[in-house]
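> kindly return the folded structure for what I paste below:
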Amino acid sequence: MAMATSAPPGFRPALWVPGDWNALFGFGTNILVNLLVLTGLLRFVLGMPDAITFGRILPAVGLMLCLSTAYYAWLAWRLAARTGRADVCALPSGISVPHMFIVVFVIMLPIKLQTGDPVKGWEAGLAWVFIQSFILMLGGFVAPLVRRITPRAALLGTLAGVCVTFIAMRPALELILTPVIGIVAFAIILLAWFGGVRYPGRLPAGLVAILFGMVVAWGAKLLGLDVGGVSGGGLVGALAGIGFAVPLPAVDHVFGGFQFVGVILVTAIPFGIYDLVEAMDNVESAEVAGDAYPTTRVLTADGLVSLIGCLMGNPFINAVYIGHPGWKAMGGRIGYSFVTGLVVLVLAWLNLISLLSSLVPVVAIAPILLYIGMLIGAQAFQETPHDHAPAIVLAFAPHLAAWGKTLIDGALGAAGTSAAAVGLDTLAQAGVLYGGLEVLGEGSILGGLILGAVAVFIIERDFRRAAGFALAGAVLTFFGFMHGPAVGIAVKPALAAAYLMVAGILFAASRAAEAAQPAVQAVPAE
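Got it, this is the predicted structure:
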């Protein structure tokens, strides 16, 4: 059925529909999990004082998320009002999860260890987001051009790579380790969101899964069993921590962090580019699902709300999330976005986040994230030409490498050692090509996009465009934006030279194909 291109007279989009309940519980629990992880990083990794964690940072996070979700709800309302469509779904947004770990472990933790002061780490994080915000706002004017020249398989392929590895795999492992909750909750979700089953009272599947997990976890606790990791002591402690705090300006802390600008710029620039590509991927994913949003507005909005959050004390950047088609498929439209933001605001300002984390077993939430990973991974293949499937698989490769390296680093770190200490040759003898994982996985978003685009254009026999993307890969690699640990000059010169040689070969192939074209046309028909 063709989509409406203009609204009928008197049409006003509904601000809330029944499907928004499903998306609210699904998206809301996703945001809640991220906030719980964020809180744990601040308190237990950085040793941030509770007065700053709960009194300054989380209230600012709540404000930023409320502004972000309200804006994207408004953008969806405008799109629905203009087109006359009742199925428009707002873009999901929230704390950028990759950046959450990067700013903690690459910026804030080293500064804290160097100075012995977690507040200095907080200030460095604020300065990092300040710079990132302007990269996003300026990059928003370049992103539409990149989107026009990049094949859909490359954009969706690198997005699916992130989703399958970093979004879906951990939840899959969590639910299999606690199957009584995880596997059953996963079945509850699949029955509703893929199978069309409706639960009594039209309860949202996400809520049914969470309630099931709570009943099993707390019921087992009453019987003296530990299923789901809940505890009465944790619940009592969370109740005692309820309070009230609003965000306060932190401009002095933002500019206090600029004393560490040398450390900050090493990651701010490449991750600013990461943001641009990730946002383009997610806007492309939404357009494939039927909702076309302006890329420039999305990126400038992310930059602006991140800047506001930063100036109020939030060292974490905002981003459009992966998963728009998933929330739309489960019935989400406009209201789920804004209501999620309001709920997060209340939770953050009243410090109810720790209370919820004590009530709900995390494994009951994990199936929702696995569902999103399944949907986005499938979309890359479903919404692109079948011939481009090999290119999508190639776009996965850098993300698989990055994921594998993350697991190895975590395992070695838990053992009190590192890959360098063990020795790359020793690891290679055990079948672990750590150096290859490291190089292929660095800058995986850009790496997946470039490799996927080159493959698509070779499949299409458009060798000139393939050469252009290979040349872009050479430049990005030379300066460390992909395949390198940090931005610099001649970061990976040999690999950059290889990309350059590939660009030359592809350009020569395009010239040869062009030269052969008239001869082919001159052959008389038989």
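
> so who does Val360 touch?
29, 32, 210, 213-214 (C-beta atoms under 8 Å, 6 or more residues apart in numbering). Quick note: C-beta positions are derived from backbone N, CA and C, even for glycine.

> restricted to buried residues, select those in PyMOL.
To isolate the buried ones among the contacts of Val360 in PyMOL, judged by 16 or more other C-beta atoms under 10 Å, type:
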select buried, resi 29+32+210+213+214
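
> looking at the contacts of Val360, which is nearest Ala168?
Thr29 (15.3 Å; C-beta to C-beta).

> just the buried residues of the longest helix seen in the chain, please?
Across the chain, the longest stretch assigned as helix under DSSP state H is helix 493-522. Neighbour-count burial for helix 493-522, counted by 16+ other C-beta under 10 Å, picks out 495-496, 499-500, 502-503, 506-507, 509-510.

> which residues touch stretch 382-401?
151-154, 156-158, 160-162, 164-166, 288, 380-381, 436-438, 440-441, 443-445, 447-449, 451-453, 455-456, 459-460, 482.

> sorry, that was for stretch 437-451
Under the contact criterion C-beta under 8 Å, 6+ apart, stretch 437-451 has outside partners 150, 154-155, 157-158, 161-162, 270, 273-274, 277-278, 281, 391, 394-399, 401-405, 408, 469-470, 472-473, 476, 480-485, 492, 495.

> before we move on, what about stretch 18-26?
Contacts for stretch 18-26 (C-beta under 8 Å, 6+ apart): 89, 192-193, 202, 204-207, 210, 326-328, 330-336, 339-340, 343, 368.

> equivalent analysis for stretch 46-57, please.
So stretch 46-57 is contacted by 39, 42-43, 104, 108-109, 112, 118-119, 121-122, 241, 243, 245, 247-248, 250, 313-315, 351 (C-beta under 8 Å, 6+ apart).

> how about a cut-off of 6 Å?
Applying C-beta atoms under 6 Å, 6 or more residues apart in numbering, the set of residues contacting stretch 46-57 from outside is 42-43, 108, 112, 118, 121, 245, 313, 351.

> and Ala319, which of the three is it?
At Ala319, secondary structure determined by DSSP: H, G, I helix; E, B strand; the rest coil is strand.

> distance check, it against Gly309.
As judged by C-beta to C-beta, to the nearest Å, Ala319 and Gly309 stand 12 Å apart.

> please save the CA atoms from stretch 91-99 in CSV.
Taking Å, rounded to 0.1, in the frame of the first residue of the first chain, the C-alpha atoms of stretch 91-99 are listed here in CSV:
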residue,chain,number,x,y,z
LEU,A,91,13.6,7.9,16.7
PRO,A,92,14.8,6.3,20.0
SER,A,93,17.7,8.1,21.7
GLY,A,94,19.7,8.0,24.9
ILE,A,95,23.2,7.8,26.3
SER,A,96,25.6,6.5,23.6
VAL,A,97,26.6,3.1,25.0
PRO,A,98,30.0,2.8,23.2
HIS,A,99,30.9,6.3,24.3
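
> next, count neighbours for Val45.
Using other C-beta atoms under 10 Å, Val45 has 16 neighbouring residues.

> ignore the last one, Phe134
Neighbours of Phe134 using other C-beta under 10 Å come to 14.

> could I get the buried residues of helix 493-522 as a markdown table with pLDDT and distance to Asp226?
Formatted as a markdown table, the buried residues of helix 493-522 follow (pLDDT from 0 to 100; distance: C-beta to C-beta, whole Å):
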| residue | pLDDT | distance to Asp226 |
| --- | --- | --- |
| Leu495 | 97 | 49 |
| Ala496 | 97 | 52 |
| Tyr499 | 97 | 52 |
| Leu500 | 97 | 57 |
| Val502 | 97 | 54 |
| Ala503 | 97 | 57 |
| Leu506 | 97 | 58 |
| Phe507 | 96 | 62 |
| Ala509 | 96 | 62 |
| Ser510 | 95 | 63 |
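
> out of the residues you listed, the closest to Ala428 would be?
Leu495 (18.4 Å).

> so which of the contacts of Val360 sit within helices?
29, 32, 210, 213-214.

> tell me which of these has the lowest pLDDT.
Note: of the ones in helices among the contacts of Val360, the lowest pLDDT belongs to Thr29, at 77.

> chain center to the least confident helix or strand in the chain by mean pLDDT, what's the gap?
Least confident helix or strand, the chain: helix 97-102 with a mean of 72, by mean pLDDT, DSSP states H and E. Centroid separation for helix 97-102 versus its chain: 9 Å, with C-alpha atoms, centre = their mean, to the nearest Å.

> please work out which residues outside that helix touch it.
38, 316-317.

> other SSEs contacting the longest helix of the chain?
helix 463-478 (3 or more C-beta pairs under 6 Å, 6 or more residues apart in numbering; DSSP states H and E).

> how does it look with 8 Å?
helix 444-459, helix 463-478 (3 or more C-beta pairs under 8 Å, 6 or more residues apart in numbering; DSSP states H and E).

> got the angle for that helix vs helix 463-478?
180 degrees (axes from the mean of the first three to the mean of the last three C-alpha atoms, to 10 degrees).

> got the angle between helix 493-522 and helix 444-459?
Going by the same axes, to 10 degrees, helix 493-522 makes 20 degrees with helix 444-459.

> please shift the residue numbers so they start at 667 in all later answers.
Yep, numbering from 667; the last one is helix 1159-1188 now.

> just to revisit the earlier point, which positions within the least confident helix or strand of the chain qualify as buried?
763-768.

> same check, this time on stretch 705-718
Residues of stretch 705-718 classed as buried: 705, 707-709, 711-712, 714, 718 (neighbour count, 16+ other C-beta under 10 Å).

> pull out the buried positions in the helix or strand where Val1059 lies.
Val1059 belongs to helix 1055-1080 when assigned by DSSP states H and E. Buried residues in helix 1055-1080, defined by neighbour count with 16+ other C-beta under 10 Å: 1057-1071, 1074, 1078.

> so Val912 lies in a strand, does it not?
No: with three-state DSSP as the criterion, Val912 is located in coil rather than a strand.

> for the residue nearest to it when sequence neighbours are not counted, what are its contacts?
In space, Val912 comes closest to Pro725 once its chain neighbours are excluded; the distance is 5.6 Å by C-beta to C-beta, 6 or more residues apart in numbering. Contact analysis of Pro725 by C-beta under 8 Å, 6+ apart lists 911-913, 978-979, 1014-1015.

> among the residues you listed, name the buried ones.
911, 913, 978-979, 1014-1015.
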